[in-house]
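[1] no FASTA, just this:
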């Protein structure tokens, strides 16, 4: 189970900050949002002033306020002009979000499940070169096209720092372009209520320079991008670092056998083993992820053991049963086996 400081680390910064763009696609959305906030404030001020005049203004002003001419100007012409102007300007400003896909962008397929994310990195021919879960890695300074799908109900993919949000609809593939202009870590969430522990369906996006990104695709373990000074303020992601317990763990060699014997392979896949389940997150590279449970816990040997033992206490309603019938030694062995880099 988690102690207080671990739980604090896990939840610090959630939900991820909005109006803090880190790429061109989020920049246009942010500018539009601020313009709408400003226009809302102006309209509210005008309505408040008119209300004051109607209640306490001079009789001459009250008469003009109730006149037919002013009603036509402020009640019909003004909203029409303002809303039309905002519509045209907004569509122009965010046109880059719907620019045609060139075809040479990095493609990543993300499939929403109740309540986790399946992530597949594709090559130029659309073949899967790497499969992971609940974490997204991007190259810095280059647009990435996300193929968004859903395996069950409607979800919505949203990384406020990097782009707008896009629904994930069963039977359809929606495309979303994202780009990070600086290395770092960014939080993402499901922005569409999808039942049960929807509020605990998050993920981390890690943006790397080109060299580190190529190493990641090659299956190498790379360090997590450091937080920028801007990201260290409250409302940003926690200072998560992947921590691996030092030293060998007794009986770790039996972890694989225990994993298979207790039915874990029915839901989870671990490449190179007999575990080939697809209804739960792929655990091949769980040892290098920053979080567990779709952004719920920081990932280290202790939290992994706690998740295996009683995931329902950490994320009530998720589809993984608690394995509190296992002994502490058995849980330790399974966690050690999963924590082995592959």
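    Nice, I can see it. Values in this document were obtained by computation on a predicted structure and should not be read as measured data. Numbers count the residues shown, from 1 in each chain.
[2] gap between the two ends of stretch 162-169?
    For stretch 162-169, the separation between the terminal residues is 21 Å (CA to CA, to the nearest Å).
[3] average pLDDT across it?
    Per-residue pLDDT values over stretch 162-169 give a mean of 94.
[4] and that stretch, how far from the chain's centre?
    Mean C-alpha position of stretch 162-169 versus that of the full chain (CA atoms, centre = their mean, to the nearest Å) differs by 10 Å.
[5] within the helices and strands, which one has residue 211?
    Under the criterion of DSSP states H and E, residue 211 resides in helix 210-217.
[6] and the contacts of that helix?
    Helix 210-217 is contacted by residues 121, 129-130, 137-140, 208, 222-223 when judged by CB atoms under 8 Å, 6 or more residues apart in numbering. Any C-beta I mention is one placed from the backbone N, CA and C, and that applies to glycine too.
[7] any low-confidence regions in this structure?
    1-15, 221-253 (pLDDT under 70).
[8] for it, which segments count as helices?
    4-11, 24-56, 59-65, 68-72, 78-93, 210-217, 255-261, 301-314, 328-338 (DSSP state H).
[9] JSON lines for those, including mean neighbour count and distance to residue 185?
    Shown next, in JSON lines, are the helices of the chain (neighbours: other CB atoms under 10 Å; distance: least, CB to CB, whole Å):
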{"stretch": "helix 4-11", "mean neighbour count": "14", "distance to residue 185": "13"}
{"stretch": "helix 24-56", "mean neighbour count": "14", "distance to residue 185": "15"}
{"stretch": "helix 59-65", "mean neighbour count": "12", "distance to residue 185": "54"}
{"stretch": "helix 68-72", "mean neighbour count": "10", "distance to residue 185": "53"}
{"stretch": "helix 78-93", "mean neighbour count": "12", "distance to residue 185": "27"}
{"stretch": "helix 210-217", "mean neighbour count": "15", "distance to residue 185": "13"}
{"stretch": "helix 255-261", "mean neighbour count": "18", "distance to residue 185": "29"}
{"stretch": "helix 301-314", "mean neighbour count": "20", "distance to residue 185": "18"}
{"stretch": "helix 328-338", "mean neighbour count": "21", "distance to residue 185": "22"}
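[10] could you dump the ones you listed into a markdown table with distance to residue 195 added?
    As requested, the helices of the chain are exported to a markdown table (distance: least, CB to CB, whole Å):
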| stretch | distance to residue 195 |
| --- | --- |
| helix 4-11 | 21 |
| helix 24-56 | 27 |
| helix 59-65 | 50 |
| helix 68-72 | 47 |
| helix 78-93 | 32 |
| helix 210-217 | 32 |
| helix 255-261 | 28 |
| helix 301-314 | 16 |
| helix 328-338 | 28 |
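[11] to residue 101, which of the ones you listed lies closest?
    Of all those, helix 24-56 sits nearest to residue 101, with 13.3 Å by CB to CB.
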